[in-house]
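# need a structure here:
(one chain, ligands or ions: 1)
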Amino acid sequence: MDFDDSPEEAAFRRECRAFLEAHARPRVGHETLADSPFARPATTAEEDAKIEECKRWQRTKFDAGWAGLTWPVEYGGRGLPALMARVFAEEERRFEVPFGHFAQSIGMAGPTIIEHGTDQQKADLLEPMLTGEHLWCQLFSEPGAGSDLAGLRTSAIVDGDEIVVNGQKVWTSNAREADWGMLLVRTDIDVPKHRGITYLLLDMRTPGIEIRPLVQITGAAHFNEVFLTDVRVPVANVLGSINGGWGPILSTLMSERTGIGGASSVGVPDLIELARGRGVLDDPTIRQDLMRLHGYTETMRFLGYRVHTAASRGELPGPESSVLKLASSRRLEAMGNIAMAILGPGATLAGHDAVSGGFWQNFAFLGQWMARIGGGTDAVQRNIIGDNVLGLPPEPRLDKGIPFRDIPT
Ligand SMILES: Cc1cc2nc3c(=O)[nH]c(=O)nc-3n(C[C@H](O)[C@H](O)[C@H](O)COP(=O)(O)OP(=O)(O)OC[C@H]3O[C@@H](n4cnc5c(N)ncnc54)[C@H](O)[C@@H]3O)c2cc1C
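Numbering: from 1, shown residues only. Just a heads-up that it's a prediction; the model follows:
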(Lines give C-alpha, C1' and ligand atoms only; values in the text may rest on other atoms or scores of the structure.)
Protein backbone atom coordinates (compact mmCIF):
# COMPACT_ATOMS: atom_id res chain seq x y z
CA MET A 1 0.00 0.00 0.00
CA ASP A 2 1.16 3.53 -0.78
CA PHE A 3 1.01 5.76 2.32
CA ASP A 4 1.93 8.95 0.46
CA ASP A 5 -0.82 11.42 -0.39
CA SER A 6 -2.63 10.83 -3.67
CA PRO A 7 -2.64 13.97 -5.90
CA GLU A 8 -6.19 14.66 -4.67
CA GLU A 9 -5.15 14.33 -1.00
CA ALA A 10 -2.08 16.52 -1.55
CA ALA A 11 -4.25 19.25 -3.09
CA PHE A 12 -6.70 18.93 -0.18
CA ARG A 13 -3.80 19.14 2.32
CA ARG A 14 -2.69 22.41 0.72
CA GLU A 15 -6.26 23.74 1.04
CA CYS A 16 -6.32 22.75 4.76
CA ARG A 17 -2.98 24.44 5.39
CA ALA A 18 -4.09 27.64 3.67
CA PHE A 19 -7.18 27.80 5.91
CA LEU A 20 -5.21 27.00 9.08
CA GLU A 21 -2.40 29.46 8.30
CA ALA A 22 -5.00 32.19 7.80
CA HIS A 23 -6.73 31.49 11.14
CA ALA A 24 -4.21 30.00 13.62
CA ARG A 25 -0.58 30.07 14.78
CA PRO A 26 1.68 27.06 14.06
CA ARG A 27 2.68 24.94 17.08
CA VAL A 28 6.15 25.86 18.31
CA GLY A 29 7.31 22.79 20.21
CA HIS A 30 7.19 21.73 23.81
CA GLU A 31 7.93 25.15 25.41
CA THR A 32 4.22 25.91 25.05
CA LEU A 33 3.22 22.83 27.02
CA ALA A 34 3.38 24.80 30.29
CA ASP A 35 0.39 26.82 29.01
CA SER A 36 -1.57 23.69 28.20
CA PRO A 37 -4.63 22.97 30.36
CA PHE A 38 -3.01 19.59 31.11
CA ALA A 39 -0.08 21.32 32.86
CA ARG A 40 -2.19 22.02 35.90
CA PRO A 41 -5.69 21.25 37.12
CA ALA A 42 -8.08 23.62 35.40
CA THR A 43 -10.32 25.72 37.63
CA THR A 44 -13.99 25.95 36.72
CA ALA A 45 -13.43 29.46 35.34
CA GLU A 46 -10.45 28.27 33.22
CA GLU A 47 -12.46 25.31 32.00
CA ASP A 48 -15.38 27.58 31.01
CA ALA A 49 -13.00 29.93 29.17
CA LYS A 50 -11.49 26.98 27.29
CA ILE A 51 -14.91 25.75 26.25
CA GLU A 52 -15.78 29.20 24.89
CA GLU A 53 -12.48 29.18 22.94
CA CYS A 54 -13.29 25.71 21.55
CA LYS A 55 -16.77 26.89 20.55
CA ARG A 56 -15.33 29.94 18.76
CA TRP A 57 -12.85 27.75 16.85
CA GLN A 58 -15.63 25.32 15.93
CA ARG A 59 -17.75 28.22 14.63
CA THR A 60 -14.78 29.51 12.57
CA LYS A 61 -14.40 26.06 11.04
CA PHE A 62 -18.12 25.75 10.36
CA ASP A 63 -18.36 29.18 8.70
CA ALA A 64 -15.44 28.33 6.40
CA GLY A 65 -16.75 24.83 5.56
CA TRP A 66 -14.25 22.86 7.67
CA ALA A 67 -16.65 21.30 10.20
CA GLY A 68 -18.21 17.86 9.80
CA LEU A 69 -16.03 16.96 6.82
CA THR A 70 -17.40 13.40 6.64
CA TRP A 71 -21.00 14.31 7.46
CA PRO A 72 -23.55 14.31 4.62
CA VAL A 73 -23.96 17.70 2.92
CA GLU A 74 -27.67 17.83 3.85
CA TYR A 75 -26.70 17.98 7.55
CA GLY A 76 -24.15 20.77 7.12
CA GLY A 77 -21.11 18.58 6.39
CA ARG A 78 -19.03 18.16 3.24
CA GLY A 79 -19.63 14.48 2.51
CA LEU A 80 -15.89 13.77 2.18
CA PRO A 81 -14.21 10.37 2.70
CA ALA A 82 -12.82 9.71 6.20
CA LEU A 83 -9.26 9.82 4.85
CA MET A 84 -9.74 13.50 3.97
CA ALA A 85 -10.93 14.22 7.53
CA ARG A 86 -7.74 12.52 8.68
CA VAL A 87 -5.65 14.81 6.46
CA PHE A 88 -7.37 17.83 8.03
CA ALA A 89 -6.83 16.46 11.56
CA GLU A 90 -3.12 15.85 10.83
CA GLU A 91 -2.73 19.44 9.64
CA GLU A 92 -4.82 20.90 12.47
CA ARG A 93 -2.50 19.25 15.02
CA ARG A 94 0.38 21.36 13.68
CA PHE A 95 -1.39 24.52 14.85
CA GLU A 96 -2.18 26.11 18.21
CA VAL A 97 -5.94 25.64 18.16
CA PRO A 98 -8.21 24.79 21.09
CA PHE A 99 -8.98 21.07 21.10
CA GLY A 100 -11.57 19.01 22.86
CA HIS A 101 -15.13 19.16 24.17
CA PHE A 102 -16.75 18.18 20.84
CA ALA A 103 -15.78 14.50 20.90
CA GLN A 104 -19.13 13.50 22.40
CA SER A 105 -21.12 15.79 20.09
CA ILE A 106 -19.54 15.60 16.66
CA GLY A 107 -17.62 12.37 17.18
CA MET A 108 -20.30 10.26 18.91
CA ALA A 109 -23.84 11.71 19.15
CA GLY A 110 -23.81 13.13 15.60
CA PRO A 111 -22.86 9.92 13.74
CA THR A 112 -25.32 7.92 15.90
CA ILE A 113 -28.19 10.32 15.14
CA ILE A 114 -27.29 10.33 11.43
CA GLU A 115 -27.51 6.53 11.45
CA HIS A 116 -30.52 5.97 13.72
CA GLY A 117 -32.34 9.31 14.12
CA THR A 118 -35.71 10.46 12.77
CA ASP A 119 -35.82 13.26 10.18
CA GLN A 120 -37.01 15.65 12.90
CA GLN A 121 -34.16 14.70 15.27
CA LYS A 122 -31.64 15.22 12.47
CA ALA A 123 -33.17 18.57 11.49
CA ASP A 124 -33.20 19.85 15.10
CA LEU A 125 -29.99 18.50 16.55
CA LEU A 126 -27.24 18.02 13.98
CA GLU A 127 -26.38 21.51 12.78
CA PRO A 128 -26.02 23.06 16.28
CA MET A 129 -23.35 20.41 16.96
CA LEU A 130 -21.33 21.44 13.92
CA THR A 131 -21.63 25.16 14.63
CA GLY A 132 -20.39 24.56 18.19
CA GLU A 133 -23.61 25.92 19.69
CA HIS A 134 -24.54 22.64 21.43
CA LEU A 135 -22.21 20.51 23.54
CA TRP A 136 -23.25 16.94 24.29
CA CYS A 137 -22.43 14.56 27.11
CA GLN A 138 -22.69 10.78 27.39
CA LEU A 139 -24.94 9.50 30.19
CA PHE A 140 -24.08 5.80 29.90
CA SER A 141 -22.06 4.61 32.95
CA GLU A 142 -23.68 3.99 36.32
CA PRO A 143 -22.24 3.01 39.71
CA GLY A 144 -23.02 -0.66 38.88
CA ALA A 145 -22.71 -0.53 35.08
CA GLY A 146 -19.43 0.40 33.38
CA SER A 147 -17.74 -2.48 31.58
CA ASP A 148 -21.05 -4.30 31.85
CA LEU A 149 -22.98 -1.41 30.31
CA ALA A 150 -26.02 -3.58 29.52
CA GLY A 151 -26.47 -4.02 33.30
CA LEU A 152 -27.66 -0.41 33.66
CA ARG A 153 -30.52 0.23 36.08
CA THR A 154 -31.71 3.81 35.54
CA SER A 155 -35.41 3.16 35.12
CA ALA A 156 -37.87 4.72 32.73
CA ILE A 157 -41.63 4.36 32.41
CA VAL A 158 -43.68 5.51 29.42
CA ASP A 159 -46.42 7.94 30.51
CA GLY A 160 -48.48 9.07 27.50
CA ASP A 161 -46.17 10.90 25.09
CA GLU A 162 -43.45 11.24 27.75
CA ILE A 163 -40.96 8.90 29.42
CA VAL A 164 -40.30 9.41 33.14
CA VAL A 165 -36.71 8.69 34.17
CA ASN A 166 -35.29 7.97 37.64
CA GLY A 167 -31.74 6.86 38.46
CA GLN A 168 -28.07 7.83 38.63
CA LYS A 169 -25.24 8.15 36.13
CA VAL A 170 -21.54 8.55 36.94
CA TRP A 171 -18.24 9.57 35.25
CA THR A 172 -20.20 11.87 32.93
CA SER A 173 -17.59 14.06 31.23
CA ASN A 174 -18.67 17.67 30.62
CA ALA A 175 -22.16 17.13 32.11
CA ARG A 176 -22.02 20.57 33.72
CA GLU A 177 -21.40 22.35 30.42
CA ALA A 178 -23.51 20.12 28.16
CA ASP A 179 -26.69 21.26 26.42
CA TRP A 180 -27.77 17.73 25.45
CA GLY A 181 -27.08 14.21 26.69
CA MET A 182 -27.12 10.68 25.23
CA LEU A 183 -29.08 8.92 27.97
CA LEU A 184 -29.52 5.15 28.38
CA VAL A 185 -32.44 3.87 30.46
CA ARG A 186 -34.05 0.53 31.25
CA THR A 187 -37.60 0.32 29.95
CA ASP A 188 -38.25 -3.43 30.30
CA ILE A 189 -37.02 -5.72 33.08
CA ASP A 190 -38.85 -8.83 31.84
CA VAL A 191 -36.53 -9.47 28.89
CA PRO A 192 -32.76 -10.27 28.77
CA LYS A 193 -30.65 -7.24 29.66
CA HIS A 194 -29.63 -6.09 26.14
CA ARG A 195 -33.26 -6.08 24.94
CA GLY A 196 -34.83 -3.77 27.53
CA ILE A 197 -32.73 -0.63 27.04
CA THR A 198 -33.89 2.62 25.41
CA TYR A 199 -31.62 5.38 24.08
CA LEU A 200 -32.94 8.89 24.82
CA LEU A 201 -31.81 12.30 23.61
CA LEU A 202 -32.00 14.44 26.74
CA ASP A 203 -32.21 18.23 26.90
CA MET A 204 -29.92 18.90 29.88
CA ARG A 205 -32.12 21.84 30.99
CA THR A 206 -35.01 19.48 31.76
CA PRO A 207 -36.18 19.78 35.41
CA GLY A 208 -35.06 16.96 37.74
CA ILE A 209 -31.38 16.77 36.67
CA GLU A 210 -28.80 17.34 39.42
CA ILE A 211 -25.09 17.43 38.51
CA ARG A 212 -22.32 16.96 41.12
CA PRO A 213 -18.65 17.33 40.00
CA LEU A 214 -16.11 14.56 40.85
CA VAL A 215 -12.54 15.67 41.59
CA GLN A 216 -9.88 13.28 40.24
CA ILE A 217 -6.23 12.67 41.20
CA THR A 218 -4.93 15.61 39.11
CA GLY A 219 -7.17 18.04 41.02
CA ALA A 220 -9.39 18.79 38.02
CA ALA A 221 -13.09 17.92 38.04
CA HIS A 222 -13.44 16.56 34.53
CA PHE A 223 -16.46 14.41 35.19
CA ASN A 224 -19.60 14.30 37.28
CA GLU A 225 -22.30 12.31 38.98
CA VAL A 226 -25.72 12.99 37.45
CA PHE A 227 -28.88 12.29 39.44
CA LEU A 228 -32.18 12.01 37.55
CA THR A 229 -35.41 12.40 39.50
CA ASP A 230 -38.76 12.22 37.67
CA VAL A 231 -37.13 13.64 34.54
CA ARG A 232 -39.74 13.77 31.76
CA VAL A 233 -38.42 13.19 28.23
CA PRO A 234 -40.70 13.38 25.15
CA VAL A 235 -41.20 10.01 23.41
CA ALA A 236 -40.18 11.92 20.24
CA ASN A 237 -36.64 11.97 21.74
CA VAL A 238 -36.24 8.18 21.65
CA LEU A 239 -33.35 7.31 19.34
CA GLY A 240 -34.28 4.14 17.45
CA SER A 241 -37.16 2.42 19.25
CA ILE A 242 -38.28 1.81 22.82
CA ASN A 243 -36.32 -1.24 24.09
CA GLY A 244 -34.27 -1.10 20.86
CA GLY A 245 -31.40 0.96 22.28
CA TRP A 246 -28.61 -1.60 21.86
CA GLY A 247 -28.10 -0.94 18.11
CA PRO A 248 -27.55 2.83 18.50
CA ILE A 249 -25.44 2.14 21.64
CA LEU A 250 -23.01 0.02 19.62
CA SER A 251 -22.73 2.79 17.00
CA THR A 252 -21.85 5.31 19.73
CA LEU A 253 -19.31 2.98 21.38
CA MET A 254 -17.55 2.18 18.09
CA SER A 255 -17.27 5.90 17.28
CA GLU A 256 -15.97 6.57 20.81
CA ARG A 257 -13.24 3.91 20.57
CA THR A 258 -12.14 5.11 17.16
CA GLY A 259 -12.04 8.69 18.46
CA ILE A 260 -10.06 7.84 21.60
CA GLY A 261 -7.68 5.82 19.40
CA GLY A 262 -6.84 8.90 17.32
CA ALA A 263 -3.28 10.12 18.01
CA SER A 264 -2.80 13.19 20.20
CA SER A 265 -0.72 16.11 19.01
CA VAL A 266 2.01 15.47 21.61
CA GLY A 267 4.46 12.72 20.82
CA VAL A 268 7.98 11.50 20.13
CA PRO A 269 9.40 14.83 18.85
CA ASP A 270 8.29 16.54 22.09
CA LEU A 271 9.95 13.81 24.18
CA ILE A 272 13.14 14.09 22.12
CA GLU A 273 13.18 17.82 22.87
CA LEU A 274 12.54 17.06 26.55
CA ALA A 275 15.39 14.48 26.64
CA ARG A 276 17.74 16.88 24.88
CA GLY A 277 16.87 19.64 27.35
CA ARG A 278 17.53 17.31 30.30
CA GLY A 279 20.84 16.12 28.79
CA VAL A 280 19.80 12.46 28.51
CA LEU A 281 19.31 12.10 24.76
CA ASP A 282 22.46 9.96 24.53
CA ASP A 283 21.32 7.58 27.25
CA PRO A 284 20.93 4.21 25.44
CA THR A 285 17.91 3.07 27.48
CA ILE A 286 16.11 6.37 26.85
CA ARG A 287 16.91 6.06 23.13
CA GLN A 288 15.60 2.50 23.09
CA ASP A 289 12.39 3.57 24.87
CA LEU A 290 11.92 6.45 22.43
CA MET A 291 12.26 4.03 19.51
CA ARG A 292 9.70 1.70 21.12
CA LEU A 293 7.30 4.64 21.45
CA HIS A 294 7.98 5.56 17.82
CA GLY A 295 7.03 1.97 16.93
CA TYR A 296 3.71 2.28 18.79
CA THR A 297 3.03 5.65 17.18
CA GLU A 298 3.62 4.30 13.66
CA THR A 299 1.52 1.19 14.38
CA MET A 300 -1.31 3.45 15.45
CA ARG A 301 -0.90 5.61 12.37
CA PHE A 302 -1.26 2.58 10.10
CA LEU A 303 -4.16 1.13 12.12
CA GLY A 304 -5.80 4.55 11.83
CA TYR A 305 -5.41 4.40 8.03
CA ARG A 306 -7.09 0.99 8.07
CA VAL A 307 -10.05 2.25 10.15
CA HIS A 308 -10.41 5.40 8.04
CA THR A 309 -10.09 3.50 4.75
CA ALA A 310 -12.89 1.17 5.89
CA ALA A 311 -14.98 4.21 6.85
CA SER A 312 -14.28 5.81 3.44
CA ARG A 313 -15.76 2.70 1.84
CA GLY A 314 -18.91 3.23 3.91
CA GLU A 315 -18.09 0.38 6.33
CA LEU A 316 -18.91 1.00 9.99
CA PRO A 317 -16.03 0.76 12.47
CA GLY A 318 -15.79 -2.83 13.71
CA PRO A 319 -13.53 -4.61 16.21
CA GLU A 320 -10.52 -2.82 14.68
CA SER A 321 -11.69 0.20 16.70
CA SER A 322 -10.91 -1.90 19.81
CA VAL A 323 -7.44 -2.72 18.44
CA LEU A 324 -6.86 0.97 17.75
CA LYS A 325 -8.02 1.97 21.22
CA LEU A 326 -5.80 -0.63 22.88
CA ALA A 327 -2.80 0.50 20.80
CA SER A 328 -3.54 4.08 21.86
CA SER A 329 -3.54 3.00 25.54
CA ARG A 330 -0.22 1.19 25.12
CA ARG A 331 1.24 4.27 23.49
CA LEU A 332 0.10 6.62 26.26
CA GLU A 333 1.38 4.22 28.90
CA ALA A 334 4.79 4.12 27.17
CA MET A 335 4.80 7.90 26.80
CA GLY A 336 4.04 8.43 30.51
CA ASN A 337 6.77 6.02 31.60
CA ILE A 338 9.40 7.48 29.27
CA ALA A 339 8.58 11.05 30.30
CA MET A 340 9.04 10.06 33.97
CA ALA A 341 12.35 8.30 33.15
CA ILE A 342 13.62 11.38 31.31
CA LEU A 343 12.63 13.71 34.15
CA GLY A 344 14.17 11.41 36.78
CA PRO A 345 13.84 12.85 40.31
CA GLY A 346 12.37 16.02 38.71
CA ALA A 347 9.27 13.98 37.97
CA THR A 348 8.28 14.30 41.62
CA LEU A 349 7.91 18.10 41.33
CA ALA A 350 4.53 19.69 40.73
CA GLY A 351 3.10 22.93 39.35
CA HIS A 352 5.48 25.80 38.57
CA ASP A 353 8.50 23.93 40.06
CA ALA A 354 8.12 21.15 37.49
CA VAL A 355 9.39 21.09 33.91
CA SER A 356 6.69 22.47 31.56
CA GLY A 357 4.49 23.28 34.55
CA GLY A 358 3.90 19.58 35.31
CA PHE A 359 2.47 18.84 31.87
CA TRP A 360 4.25 15.49 31.62
CA GLN A 361 3.14 14.30 35.05
CA ASN A 362 -0.48 15.35 34.47
CA PHE A 363 -1.00 14.59 30.81
CA ALA A 364 1.30 11.70 30.02
CA PHE A 365 1.61 9.87 33.33
CA LEU A 366 -1.53 10.44 35.41
CA GLY A 367 -3.61 11.20 32.31
CA GLN A 368 -2.93 7.84 30.66
CA TRP A 369 -5.75 6.27 32.69
CA MET A 370 -8.26 8.50 30.91
CA ALA A 371 -7.61 6.52 27.74
CA ARG A 372 -7.01 3.20 29.50
CA ILE A 373 -10.38 3.25 31.31
CA GLY A 374 -12.66 5.68 29.43
CA GLY A 375 -14.59 4.23 26.49
CA GLY A 376 -14.09 0.66 27.77
CA THR A 377 -11.03 -0.54 29.71
CA ASP A 378 -7.98 -2.25 28.21
CA ALA A 379 -9.24 -5.59 29.60
CA VAL A 380 -12.62 -5.12 27.92
CA GLN A 381 -10.99 -4.27 24.56
CA ARG A 382 -8.92 -7.47 24.89
CA ASN A 383 -12.12 -9.46 25.46
CA ILE A 384 -13.68 -7.95 22.31
CA ILE A 385 -10.56 -8.68 20.26
CA GLY A 386 -10.43 -12.23 21.67
CA ASP A 387 -14.10 -12.87 20.81
CA ASN A 388 -14.47 -11.01 17.51
CA VAL A 389 -11.02 -10.98 15.93
CA LEU A 390 -9.14 -14.01 17.24
CA GLY A 391 -12.19 -16.29 17.48
CA LEU A 392 -11.32 -17.39 21.01
CA PRO A 393 -14.05 -19.08 23.09
CA PRO A 394 -16.42 -16.35 24.40
CA GLU A 395 -16.35 -15.17 27.99
CA PRO A 396 -18.65 -17.27 30.21
CA ARG A 397 -21.93 -15.34 30.61
CA LEU A 398 -24.04 -16.28 33.61
CA ASP A 399 -26.79 -13.79 32.70
CA LYS A 400 -27.32 -14.87 29.08
CA GLY A 401 -30.99 -15.24 28.09
CA ILE A 402 -32.20 -14.49 31.64
CA PRO A 403 -34.84 -11.75 32.16
CA PHE A 404 -33.15 -8.68 33.67
CA ARG A 405 -35.33 -8.85 36.82
CA ASP A 406 -33.86 -12.33 37.64
CA ILE A 407 -30.17 -11.37 37.32
CA PRO A 408 -28.60 -11.43 40.82
CA THR A 409 -27.10 -8.11 41.95
C1 LIG B 1 -11.62 9.93 31.56
C2 LIG B 1 -12.90 9.17 31.60
C3 LIG B 1 -14.03 9.74 31.04
C4 LIG B 1 -15.24 9.05 31.09
N5 LIG B 1 -16.32 9.68 30.56
C6 LIG B 1 -17.51 9.03 30.59
C7 LIG B 1 -18.67 9.68 30.07
O8 LIG B 1 -18.62 10.81 29.59
N9 LIG B 1 -19.84 9.02 30.11
C10 LIG B 1 -19.95 7.76 30.62
O11 LIG B 1 -21.04 7.21 30.58
N12 LIG B 1 -18.88 7.11 31.16
C13 LIG B 1 -17.66 7.74 31.16
N14 LIG B 1 -16.55 7.12 31.70
C15 LIG B 1 -16.73 5.85 32.38
C16 LIG B 1 -16.11 4.67 31.66
O17 LIG B 1 -16.84 4.33 30.50
C18 LIG B 1 -16.06 3.51 32.67
O19 LIG B 1 -15.20 3.91 33.72
C20 LIG B 1 -15.52 2.25 32.06
O21 LIG B 1 -16.43 1.73 31.12
C22 LIG B 1 -15.22 1.19 33.13
O23 LIG B 1 -16.32 0.98 33.95
P24 LIG B 1 -16.18 1.06 35.56
O25 LIG B 1 -15.46 2.29 35.91
O26 LIG B 1 -17.55 0.84 36.10
O27 LIG B 1 -15.25 -0.17 35.94
P28 LIG B 1 -15.67 -1.71 36.08
O29 LIG B 1 -16.49 -2.09 34.91
O30 LIG B 1 -16.25 -1.93 37.43
O31 LIG B 1 -14.26 -2.43 35.98
C32 LIG B 1 -13.37 -2.55 37.09
C33 LIG B 1 -12.16 -3.39 36.65
O34 LIG B 1 -12.61 -4.70 36.27
C35 LIG B 1 -12.15 -5.01 34.96
N36 LIG B 1 -13.20 -5.79 34.27
C37 LIG B 1 -14.53 -5.56 34.26
N38 LIG B 1 -15.17 -6.48 33.51
C39 LIG B 1 -14.23 -7.30 33.02
C40 LIG B 1 -14.26 -8.45 32.16
N41 LIG B 1 -15.42 -8.91 31.67
N42 LIG B 1 -13.10 -9.06 31.86
C43 LIG B 1 -11.92 -8.60 32.36
N44 LIG B 1 -11.83 -7.51 33.18
C45 LIG B 1 -12.95 -6.87 33.49
C46 LIG B 1 -11.96 -3.67 34.27
O47 LIG B 1 -11.00 -3.77 33.22
C48 LIG B 1 -11.45 -2.80 35.42
O49 LIG B 1 -10.07 -2.98 35.59
C50 LIG B 1 -15.32 7.78 31.69
C51 LIG B 1 -14.19 7.21 32.27
C52 LIG B 1 -12.99 7.90 32.23
C53 LIG B 1 -11.78 7.27 32.84
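
# next structured bit after the helix or strand hosting residue 111?
Residue 111 is part of helix 110-116 when elements are defined by DSSP states H and E. Once the chain leaves helix 110-116, the next helix or strand it forms, by DSSP H and E, is helix 119-131.

# returning to that earlier point: hmm, who's touching the helix holding residue 111?
68, 71-72, 75, 121-122, 125-126, 129-130, 182, 199, 201, 239-240, 247-248, 251-252, 255 (Cβ atoms under 8 Å, 6 or more residues apart in numbering). C-beta: built from backbone N, CA, C; applies to glycine.

# from the residues you listed, which ones fall inside helices?
121-122, 125-126, 129-130, 247-248, 251-252, 255 (DSSP state H).

# Neighbour-wise, give me the winner out of these.
residue 129 (28 neighbours; other Cβ atoms under 10 Å).

# Excluding sequence neighbours, find me the nearest residue to it.
Leaving aside its chain neighbours, residue 129 sits nearest to residue 105 (4.3 Å; criterion: Cβ to Cβ, 6 or more residues apart in numbering).

# Am I right that the one you found is in a strand?
No - under DSSP: H, G, I helix; E, B strand; the rest coil, residue 105 falls outside any strand and is assigned helix.

# Run a quick neighbour tally on it.
Burial of residue 105 is recorded as 27 neighbouring residues (other Cβ under 10 Å).

# Enumerate every residue touching it.
129, 134-136, 180.

# JSON lines please, covering those residues and showing secondary structure, pLDDT and distance to the ligand.
Formatted as JSON lines, those follow (DSSP: H, G, I helix; E, B strand; the rest coil; pLDDT from 0 to 100; distance: Cβ to the nearest ligand atom, whole Å):
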{"residue": "129", "secondary structure": "helix", "pLDDT": "96", "distance to the ligand": "16"}
{"residue": "134", "secondary structure": "coil", "pLDDT": "96", "distance to the ligand": "16"}
{"residue": "135", "secondary structure": "coil", "pLDDT": "96", "distance to the ligand": "12"}
{"residue": "136", "secondary structure": "strand", "pLDDT": "97", "distance to the ligand": "10"}
{"residue": "180", "secondary structure": "strand", "pLDDT": "98", "distance to the ligand": "13"}
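
# Just give me the closest of these to residue 322.
residue 136 (22.8 Å; Cβ to Cβ).

# Please report the distance of residue 342 from residue 27.
20 Å (Cβ to Cβ, to the nearest Å).

# Compare the two and say which is more crowded by neighbours.
Set residue 342 next to residue 27 and count neighbours by other Cβ under 10 Å: residue 342 wins out with 25 against 15.

# can I assume the more buried one sits in a strand?
No - in this structure, residue 342 is helix, not part of a strand, as judged by three-state DSSP.

# List the contacts of it.
271, 274-275, 278, 280, 286.

# Of the residues you listed, which belong to helices?
Secondary structure defined by DSSP H assigns 271, 274-275, 286 of the contacts of residue 342 to helices.

# Which one of those residues sits in the busiest neighbourhood?
When those are compared by neighbour count (other Cβ under 10 Å), residue 271 ends up highest, at 25 neighbours.

# What are the neighbouring residues in contact with that residue?
Contacts of residue 271 by Cβ under 8 Å, 6+ apart are 290, 293, 335, 338-339, 342.

# Helices of the stretch 151-300 of the chain, start to end?
246-261, 268-277, 284-312 (DSSP state H, counting those that start in this stretch).

# can you give me how far the second one is from the chain middle?
Right, helix 268-277. A distance of 27 Å separates the centroid of the chain from that of helix 268-277, by Cα atoms, centre = their mean, to the nearest Å.

# Buried residues, that helix. List them.
For helix 268-277, a neighbour-count test (16 or more other Cβ atoms under 10 Å) marks 268, 270-272, 274-275 as buried.

# and the residue in the chain that the ligand sits nearest to, how many neighbours does it have?
Relative to the ligand, the nearest point of the chain is residue 146 (1.9 Å; Cβ to the nearest ligand atom). For residue 146, the count of nearby residues is 17 (other Cβ under 10 Å).

# any idea how far the residue lying closest to it once chain neighbours are set aside lies from residue 108?
Distance criterion Cβ to Cβ, 6+ apart; nearest residue to residue 146, sequence neighbours excluded, is residue 171 at 7.5 Å. Going from residue 171 to residue 108 by Cβ to Cβ gives 15 Å.

# Count the residues that sit near residue 59.
Neighbourhood size, residue 59 [other Cβ under 10 Å]: 15.

# Shouldn't it be within a strand?
No - counting by three-state DSSP, residue 59 falls outside a strand, being helix.

# What are the neighbouring residues in contact with the closest residue to it other than its chain neighbours?
Once flanking residues are discounted, residue 59 sits nearest to residue 132: 4.9 Å by Cβ to Cβ, 6+ apart. By Cβ under 8 Å, 6+ apart, residue 132 lies in contact with 54-59, 62, 67, 102.

# now with 7 Å?
Each residue near residue 132 by Cβ atoms under 7 Å, 6 or more residues apart in numbering is listed here: 55, 58-59, 62.

# The residues you listed, buried ones only, as a ChimeraX selection?
Here is the ChimeraX selection string for the buried members of the contacts of residue 132, based on 16+ other Cβ under 10 Å:
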select :55,58,62
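
# which pair in the contacts of residue 132 spans the largest distance?
It's 55 and 62 that sit farthest apart of the contacts of residue 132, by Cβ to Cβ, at 10.3 Å.

# count of neighbours near the closest residue to residue 266 other than its chain neighbours?
Counting by Cβ to Cβ, 6+ apart, residue 266 lies nearest to residue 363, which is 7.0 Å off, once chain neighbours are set aside. Neighbourhood size, residue 363 [other Cβ under 10 Å]: 24.
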